[in-house]
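Student: below is the sequence, then the predicted model.
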Amino acid sequence: MALNAYQNRESPSWRILEYLQRKGAATIKELEDVLGVTTTAVRQQLQTLQADGYVERTRVHAGVGRPHHAYSLTAKAHELFSSHCDDLALTLLEEVFALEGEERAGQLLERVGSRLAKRYSPLVRSGRLKERVAQLAEALYARGVLTDVSQEAEDVFILQTYNCPYHELAHEHRDICEMDEKFMREVLGSDVNLHRCMMDGHPSCKFVVHRNLRGKS
């Protein structure tokens, strides 16, 4: 199956891949529930994904019960979720870090964050913080970033992302993560803090959003 076919968000194969990217691993029964199809249909999808090198199966021993199989993504599959940025743009950023140094590159990323905020702001128009966070999550998802939103307290929201559009660059330059925080603060008009990061080995980046800065509800 061609790469573009896997990235069709309406296809069963993409729904499996996306679920595994979010959850880390899943059983056939879990995937049955996700797709709403039979065991046979799930097995057929998994066999194709395994044959093409996107999914692997492992035997899990849990407690005193019988062992079972769990399915997870391979390194090849993670490439489907990695960079939705232009390769040229990423290469240019790498060159800026190499030629100009950390300080000048940091200044550039400040400006990039502000430009991103201007691009996303028209899509985040609600006067309520809860709805603004949801709108930002939808905008990010439309651009290929897997997101979840949850509410932790009356005025505290959690926005989690499961793939990074700048993954390789962010591994070496954590200024990229600070740029993301700044961009989200400007778009939401609220405090945003990165509490957990994929660059540290976590399955997702966890942004905590709280205390509206612009006086909106």
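Tutor: Yep, that arrived.

Student: going forward, measure contacts and count neighbours with C-alpha atoms only.
Tutor: OK.

Student: all helices of the protein, in order?
Tutor: If you assign secondary structure with DSSP state H, the helices in the chain sit at 3-6, 12-23, 28-35, 39-51, 75-78, 87-120, 129-142, 167-172, 175-188.

Student: got the domain boundaries for this structure?
Tutor: Recorded structural domains for the chain (assignment: automatic domain parsing) are 3-81, 87-212.

Student: same list (the helices of the chain) but as JSON lines, adding distance to Val156, mean pLDDT and mean neighbour count.
Tutor: Compiled in JSON lines, the helices of the chain are given as follows (distance: least, C-alpha to C-alpha, whole Å; pLDDT from 0 to 100; neighbours: other C-alpha atoms under 10 Å):
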{"stretch": "helix 3-6", "distance to Val156": "35", "mean pLDDT": "55", "mean neighbour count": "12"}
{"stretch": "helix 12-23", "distance to Val156": "22", "mean pLDDT": "92", "mean neighbour count": "20"}
{"stretch": "helix 28-35", "distance to Val156": "28", "mean pLDDT": "94", "mean neighbour count": "16"}
{"stretch": "helix 39-51", "distance to Val156": "37", "mean pLDDT": "94", "mean neighbour count": "15"}
{"stretch": "helix 75-78", "distance to Val156": "30", "mean pLDDT": "82", "mean neighbour count": "14"}
{"stretch": "helix 87-120", "distance to Val156": "21", "mean pLDDT": "81", "mean neighbour count": "14"}
{"stretch": "helix 129-142", "distance to Val156": "9", "mean pLDDT": "93", "mean neighbour count": "18"}
{"stretch": "helix 167-172", "distance to Val156": "26", "mean pLDDT": "74", "mean neighbour count": "15"}
{"stretch": "helix 175-188", "distance to Val156": "13", "mean pLDDT": "90", "mean neighbour count": "21"}
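
Student: and of those, who's closest to His202?
Tutor: Closest to His202 of the helices of the chain is helix 12-23 (C-alpha to C-alpha; 11.4 Å).
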